[in-house]
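Undergrad: The following comprises the amino acid sequence and a computationally predicted model.
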Amino acid sequence: MEMQGTITNEIVGETSTCYLQYTVTIRTHLHSRKRSFRRILAATLPFANGVMGFAALHQRRHIKNSYSTPFVFQHRIRAAIQTINDRELEKGPIMEGEVEIDGMFVTGKKVKPRVETQSQPKGHGGSEAYG
């Protein structure tokens, strides 16, 4: 198994027995991505270094992309941290010390609940019309 020294989006190595080719992100939450590994690291750094995280709108301007890209990316990072925390409960600690996950505040319009009414078919006046 030979590893390359540069960070690329290409194949990083392969196993000697079955010649399975793999990348750095295989079996992680970032395995199916369209961004290069360098851009993933560039987006992860401000998110991880920020005291209060990194807002998706701010990250959108940072990586020059649509809002949904950093939104989904940040949730994948949170899911990866949650997976590690779940494994910790099963097998023992992987991370030691104080590990915190930033919260998320979502705003928007409240959706009114749908009220189902029993209406008569259009074009019929009901029983009153027939007298």
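TA: Received, thanks.
Undergrad: Please name every helix or strand in contact with the longest helix along the chain.
TA: Longest helix of the chain, by residue count under DSSP state H: helix 68-91. The elements that helix 68-91 packs onto, with contact taken as 3 or more Cβ pairs under 8 Å, 6 or more residues apart in numbering; DSSP states H and E, are helix 37-49, helix 56-63. C-beta: built from backbone N, CA, C; applies to glycine.
Undergrad: To residue 80, which of these lies closest?
TA: Nearest of the helices and strands packed on helix 68-91 to residue 80, taken as Cβ to Cβ: helix 37-49 at 10.2 Å.
Undergrad: tell me the average confidence for that closest one?
TA: Helix 37-49 carries an average pLDDT of 73.
Undergrad: swap in stretch 67-86?
TA: 76.
Undergrad: still on that earlier bit, can you redo the helices and strands packed on helix 68-91 as JSON lines with mean neighbour count and distance to residue 98?
TA: Converted to JSON lines, the helices and strands packed on helix 68-91 look like this (neighbours: other Cβ atoms under 10 Å; distance: least, Cβ to Cβ, whole Å):
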{"stretch": "helix 37-49", "mean neighbour count": "15", "distance to residue 98": "15"}
{"stretch": "helix 56-63", "mean neighbour count": "15", "distance to residue 98": "24"}
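Undergrad: would JSON lines of these with distance to residue 96 be doable?
TA: JSON lines is the format used below for the helices and strands packed on helix 68-91 (distance: least, Cβ to Cβ, whole Å):
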{"stretch": "helix 37-49", "distance to residue 96": "17"}
{"stretch": "helix 56-63", "distance to residue 96": "28"}
